[in-house]
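In: Have a look at this prediction, sequence included:
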Amino acid sequence: MAKNRPSLRAPRTKAFKKQNGRCYYCDLPMWNSDAKIFSQRYKLTLKQAEQFKCTGEHLTAFHAGGASNQSNIVAACHYCNAKRHTRKEELSPETYKNKVQKRVRAGKWNAGLLLSAH
């Protein structure tokens, strides 16, 4: 039987504030409550803005025994979170963060949508 996951709402919101609204991996701005305002601010469609929705990310995966507490939860944009979990090989959070930031600097990540904001 699958474990019931505790809600990540409170730790995600705290992480969002602690990280100044920026993704743990790509360091781009995210939104936590209003996609419309975010899309208008960065001149994105609502569909594009969805990629920057704040998600709660377990540093140590829940399925691997990672807790859903503040010390194991960071705020990550939907794009980074989804890409991390579709990889064939699982990278540590720090290794993945370094890889993502190199790709952002090279213009080969989701950052193209927000270059003027970063």
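Out: Yep, that arrived. Numbering: from 1, shown residues only.
In: Need the single longest helix in the protein, by residues.
Out: Ranked by residue count, the top helix of the chain under DSSP state H comes out as helix 93-105.
In: contacts for that one?
Out: Outside of helix 93-105, the residues within contact range by Cβ atoms under 8 Å, 6 or more residues apart in numbering are 24-28, 57, 59, 74, 80, 83-84, 91, 109, 111, 118. C-beta here means a position set from N, CA and C on the backbone, and glycine is covered the same way.
In: repeat that for 6 Å
Out: 25-26, 59, 84, 109, 111 (Cβ atoms under 6 Å, 6 or more residues apart in numbering).
In: which pair in these spans the largest distance?
Out: Between any two of the contacts of helix 93-105, the greatest separation by Cβ to Cβ is 22.2 Å, found for Leu59 and Ala111.
In: More neighbours: which of those two?
Out: Here Leu59 and Ala111 are compared on neighbour count by other Cβ atoms under 10 Å; more neighbours surround Ala111, at 20 against 15.
In: Give me the pLDDT value at that one.
Out: pLDDT, Ala111: 68.
In: Ser116 too?
Out: For Ser116, the model assigns a pLDDT of 49.
In: Assign a three-state SS to Ala75, would you?
Out: Following DSSP: H, G, I helix; E, B strand; the rest coil, the label given to Ala75 is strand.
In: For the protein, which segments count as strands?
Out: In chain order, the chain shows strands spanning 54-58, 73-77, with DSSP state E as the criterion.
In: quick one, which of these is packed in tightest?
Out: Per-residue neighbour counts averaged over each of those give the maximum for strand 73-77, namely a mean of 26 (mean count of other Cβ atoms under 10 Å).
In: so how far is that strand from its chain's centroid?
Out: In terms of Cα atoms, centre = their mean, to the nearest Å, the centre of strand 73-77 is found 5 Å from the chain centre.
In: what comes into contact with it?
Out: Residues lying outside strand 73-77 but in contact with it, judged by Cβ under 6 Å, 6+ apart, are 11-12, 15-16, 19, 23-25, 30, 52, 54-57.
In: Bridged to the most centrally placed residue in the chain, which residues?
Out: Central residue check for the chain by Cα atoms, centre = their mean: the C-alpha nearest the mean position is that of Ala76, 1.6 Å away. With DSSP bridges applied, the residues forming beta bridges to Ala76 are Thr55.
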